[in-house]
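Engineer: next input, structure requested:
(chains A and B)
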Amino acid sequence: MTPIVQIDHLTRRYRGQLALDDVSCELQADTVTGLLGRNGAGKSTLMRILTGQEFPSSGSVLVDGENPLENDAVLRRMVFVKESQVYPDIKVKRVLEAASWFYPNWDADLAAQLMDDFALPPNRAVKKLSRGMHSAVGIVLGLSARAEITLFDEPYLGLDAVARQIFYDRLLADYAEHPRTILLSTHLIDEVADLLEHVLVIDRGRIVVDAAARKVWHRTGIGSLASATVAGPLDDLARARARDLGLEVAPVSLQELVIRSARFGTGIGTEQQPERISA
Amino acid sequence: MTALVKVARLHLVDRFSYTWLVWGVLAFTFVINLAIFAVVPLSQPSGNFTGALVTIYIFMIVIGVQAATRFLPFALTLGVSRRTYYLGTVLLVVTLCALYAAILTALWALWVVVGVGLVLLVTWRQWWPAVGSYLSELNVLAASGMLALVAAALAGGGYLTIRRITV
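Structural biologist: Okay, the predicted model is just below:
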């Protein structure tokens, strides 16, 4: 695995507010990474700096060894679809037509298929679309571009559950055929849990979890009277004691992990595996 | 260079604004003006004037504002740098200026030729030669030169602004 994006001590300060606080992490090439966190945690700021749309206060971002800021050679390998993406005042099919000029790997067939999946009207002006359809345009664009580095910032706003599942299915299917680096920020953690290979959890501008997804998530049924989440794996002695006390020990779900780590600000690294103890 | 052409083309994807909106409104204004001139006496010995051509400027201002508010965010999404976006937009604007000037000149020439042939146009013929002499006056050229300098200064300021813009 080689890192395609390297973020080193990145800080972004807005007028007295710290949006990103000394963030250091990497994105591996050809991996689906989830960027998870609460509203205002710094997800969008991080993605905007990655794509050269925002300026870092200090620290550095390297995409394939180069600074992305105003760097056409790097930027043209990326596509970044934002929540509430702004489009010119044109028809849906013109948006996609224009996007196709900028991406050599643009797949018109995939775009047509996705349009069909989301029931997008090609001749309708983008500004006349419903909230969900507006989001669908961004998804069609982002997937069909087949850009080496694809970033989605909460791309599903207003999409119903069926359409979201279509997005996840298509993303996974197309990624399997054409591996690329995908960074997906989202609130709907449980929905995307199966999609992610790597997880970054950001809270108040700091990375609190940076780990392979399979290490941090596992679903368990709830039905206990009380439960506690602890950071890090339990040693054998603690496990034995828990068993003696009639406690059940299980890894936490990804969503639960995000909630815990965001609320209490506990840093959990790759070497630690959080678990929940229930009785 | 190809990247600049792509950006220029990106703007033109909004075909309606650059074709029907600008030239359609201009043609409509022109017809209305002709109708008014046909019924009212000449107000000046040199012919009647209106500021109809300002239509082009106003639409260009609107298109320019949209270029910053709607096309820039879209272009950034598609992996275009601010610099490339700016230069591509300048390329388009300069090309359009030349094209629109050529169209207006051609229309004016056509109008003069047609005007000579038709008795009906005799009244109005005085108007267009007046425009011709107006254009050929040196002080008009000087004014155009001044405007070009102002435009160049604004374009430079625009680049300095866009370099630091976030959307």
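Engineer: which parts of the helix or strand that contains residue A:211 are buried?
Structural biologist: In the assignment (DSSP states H and E), residue A:211 maps to strand A:206-212. The neighbour-count check on strand A:206-212 (16 or more other CB atoms under 10 Å in any protein chain shown) flags A:206-211 as buried. (Glycine included, C-beta is placed from N, CA and C.)
Engineer: how about those residues in a markdown table, adding pLDDT?
Structural biologist: Below are those laid out as a markdown table (pLDDT from 0 to 100):
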| residue | pLDDT |
| --- | --- |
| A:206 | 93 |
| A:207 | 93 |
| A:208 | 90 |
| A:209 | 88 |
| A:210 | 91 |
| A:211 | 85 |
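Engineer: can you lay out those residues as a markdown table showing distance to chain B?
Structural biologist: Shown next, in a markdown table, are these (distance: CB to the nearest CB, whole Å):
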| residue | distance to chain B |
| --- | --- |
| A:206 | 22 |
| A:207 | 22 |
| A:208 | 26 |
| A:209 | 28 |
| A:210 | 26 |
| A:211 | 29 |
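Engineer: surely residue A:204 and residue A:42 touch.
Structural biologist: Yes: counting by CB atoms under 8 Å, residue A:42 is a contact partner of residue A:204 at 7.4 Å.
Engineer: any shared contact partners between the two?
Structural biologist: residue A:21 (CB atoms under 8 Å, 6 or more residues apart in numbering or on different chains).
Engineer: which one of the two has more residues nearby?
Structural biologist: Using other CB atoms under 10 Å in any protein chain shown as the criterion, residue A:204 and residue A:42 rank with residue A:42 on top: 24 against 16.
Engineer: hang on, residue A:183 is in a strand, isn't it?
Structural biologist: Yes: Residue A:183 sits within a strand when classified using DSSP: H, G, I helix; E, B strand; the rest coil.
Engineer: beta partners for it?
Structural biologist: Beta-bridge partners for residue A:183, by DSSP bridges, are residue A:33, residue A:151.
Engineer: where do the strands of the stretch 101-250 of chain A begin and end?
Structural biologist: Taking DSSP state E, counting those that start in this stretch, the strands of the stretch 101-250 of chain A run over residues A:149-153, A:181-186, A:198-203, A:206-212, A:227-230, A:248-251.
Engineer: least reliable of these going by mean pLDDT?
Structural biologist: Mean pLDDT per stretch puts strand A:227-230 lowest among the strands of the stretch 101-250 of chain A, at a mean of 61.
Engineer: how close does residue A:8 sit to residue A:203?
Structural biologist: 20 Å (CB to CB, to the nearest Å).
Engineer: so those two - more neighbours on which side?
Structural biologist: The neighbour comparison of residue A:8 against residue A:203 (other CB under 10 Å) goes to residue A:203, with 23 against 13.
Engineer: and stretch A:261-273, average pLDDT?
Structural biologist: 51.
Engineer: let me redo that: stretch A:114-123
Structural biologist: Rounded mean pLDDT across stretch A:114-123 is 96.
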